[in-house]
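Peer 1: Next input, structure requested:
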Amino acid sequence: MLLKALLLFLHEQFGECGRPKVGWQIDPFGHSREQASLFAQMGFDGLFFGRADYEDIQARNRTKTKEMVWKGSEQSWLFTGILPNRYSAPNSFCFDFSCGDQPIMDDNRLYDQNVQERVQAFLQAARDEAAGYATNHIIMTFGDDFNFENADEYFKNLDKLIKYVNAQQANGSNVNVFYSTPSCYLYALNKADRSWKSKTDDFFPYAHHPHGFWTGYFSSRAAFKRYERHANNILQVTRHLNAFANTNARNTLFPLSEAMGVAQHHDAVSGTEKQEVAFDYAQRLSEGIQAAEGIINQAYAKLLPKDSQSPPIQFQYLCQLSNISQCLGIEGQERVRKLLSFCN
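Peer 2: Just a heads-up that it's a prediction; the model follows:
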């Protein structure tokens, strides 16, 4: 749902040229081969992700196989790469104000001018990273959670870093640094014209150390997982009714579509969020379902009457508190005609 909502937004804002061709999954806790299959069938050219099992990464570093052809089902193959540092900057090169790393100080009047030290540290970081990859192209991420809150400071330091690192080419350095995108990086790898190792199974389960397996989230927050599934049922039924009845209520349905997209974030339905955030997700789903209720009744009013003599259609309520035997929509009414509606 999240991907669908985002793709729809990009298409509406930018047209066909805004359609992404590269998957970028930097934080989900493991990856299914079916994801590779789906991306390939959607016309994606590649996928890059940040998290893989620590032992898998160690083995791939030794064999330079962190980039591969992932063979999904339905003969759907997708070029896939594991990012070198999840989605964080190399060690000691975080330039946000929340970081404790030194900025690039290039004023020669400063006693703690550090250009040479920072350049050499970066060159070493680049060499260390390149050791795990098969070509002379590497991708280096900068940023992290809550980074770029001071984007001006961050980019000023990146500009300096690029300038001084590239200046070392005059001294024999073979490192060339520039701003780029996943698509451009993938294009460069394609132009390398080499064969790649393949993979046919999942990147599950995920562990980041011997006692840190990320598997509890498959069953944590069971109530929210069920509620997210229930909300999706309501969303799909309402979409069909909206189409069949031609009620043109897509904008009214947007809150539920948006809430469903957010609820499928890797830190939402997984249950890895804080409790206050889980409450917010549930509230947004609840408000979205309430908005969908109106569309359902509009559609029923159009679809159910058979002729002008048909009795008025009773308002349909989605009783969201039925688990505690409460239905706010019908409370206080003297006469209630009960109608159970099932939709498959």
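Peer 1: Could you check how far the helix or strand of the chain at the bottom of the mean pLDDT ranking is from the centre of its chain?
Peer 2: Using mean pLDDT, DSSP states H and E, the weakest-scoring helix or strand in the chain turns out to be helix 2-14, at a mean of 85. Chain-centre distance of helix 2-14: 13 Å, with C-alpha atoms, centre = their mean, to the nearest Å.
Peer 1: helix or strand right after it?
Peer 2: Following helix 2-14 in sequence order, the next helix or strand is strand 22-25 (DSSP states H and E).
Peer 1: List the contacts of that following strand.
Peer 2: Strand 22-25 has contacts (C-beta atoms under 8 Å, 6 or more residues apart in numbering) with 31, 35, 39, 44-50, 78, 182-183, 186. Every residue, glycine included, has its C-beta placed from N, CA and C.
Peer 1: Within its sheet, name the partner strands of that strand and how each one runs.
Peer 2: Paired strands of strand 22-25, with direction, are strand 46-49 (parallel) (DSSP bridges).
Peer 1: Show me which residues of the partner strand are buried.
Peer 2: 46-49 (16 or more other C-beta atoms under 10 Å).
Peer 1: residues in contact with the residue lying closest to F29 once chain neighbours are set aside?
Peer 2: Distances taken as C-beta to C-beta, 6 or more residues apart in numbering place W214 nearest to F29, at 4.2 Å, with adjacent residues excluded. Shown in contact with W214 (C-beta under 8 Å, 6+ apart): 29-30, 205-208.
Peer 1: As CSV, those residues with secondary structure and distance to F146 would be great.
Peer 2: Formatted as CSV, those follow (DSSP: H, G, I helix; E, B strand; the rest coil; distance: C-beta to C-beta, whole Å):
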residue, secondary structure, distance to F146
F29, coil, 19
G30, coil, 24
P205, coil, 28
Y206, coil, 23
A207, strand, 25
H208, coil, 20
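Peer 1: Quick one, which of these are buried?
Peer 2: 29-30, 206-207.
Peer 1: Tell me which stretches of the stretch 151-300 of the chain form helices.
Peer 2: 151-167, 182-191, 222-245, 250-263, 275-303 (DSSP state H, counting those that start in this stretch).
Peer 1: For Q116, the count of nearby residues, please.
Peer 2: Residues lying near Q116 (other C-beta atoms under 10 Å) number 10.
Peer 1: remind me which residues of the chain are low pLDDT?
Peer 2: In the predicted model, the chain carries pLDDT under 70 at residues 309-310, 328-344.
Peer 1: Residue ranges of each domain in it, please.
Peer 2: For the chain, automatic domain parsing gives the domain ranges 2-199, 220-311.
Peer 1: got JSON lines for those domains, with distance to Q320 too?
Peer 2: Compiled in JSON lines, the domains of the chain are given as follows (distance: least, C-beta to C-beta, whole Å):
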{"stretch": "domain 2-199", "distance to Q320": "22"}
{"stretch": "domain 220-311", "distance to Q320": "6"}
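Peer 1: which ones are touching H265?
Peer 2: Neighbouring residues of H265 by C-beta under 8 Å, 6+ apart: L2.
Peer 1: Also H211?
Peer 2: Applying C-beta under 8 Å, 6+ apart, no residues qualify as near H211.
Peer 1: Export the contacts of strand 22-25 as TSV, with columns for distance to Q25.
Peer 2: Listed next are those as TSV, based on distance: C-beta to C-beta, whole Å:
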residue	distance to Q25
H31	7
Q35	8
F39	9
F44	11
D45	15
G46	12
L47	7
F48	8
F49	4
G50	7
L78	12
P182	11
S183	15
L186	14
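Peer 1: quick one: which of those is nearest to L285?
Peer 2: Using C-beta to C-beta, Q35 is the member of those that sits closest to L285, with 23.8 Å.
Peer 1: what's the strand or helix carrying that closest one packed up against?
Peer 2: Of the helices and strands defined by DSSP H and E, Q35 is found in helix 33-41. Counting contacts by 3 or more C-beta pairs under 8 Å, 6 or more residues apart in numbering; DSSP states H and E, helix 33-41 packs against strand 22-25, strand 46-49, strand 67-71, strand 77-82.
Peer 1: if you set the cut-off to 7 Å instead, what comes out?
Peer 2: strand 77-82 (3 or more C-beta pairs under 7 Å, 6 or more residues apart in numbering; DSSP states H and E).
Peer 1: Let me know the next secondary structure element after the strand it packs on.
Peer 2: Next along the chain after strand 77-82, taking DSSP H and E as the criterion, comes helix 115-130.
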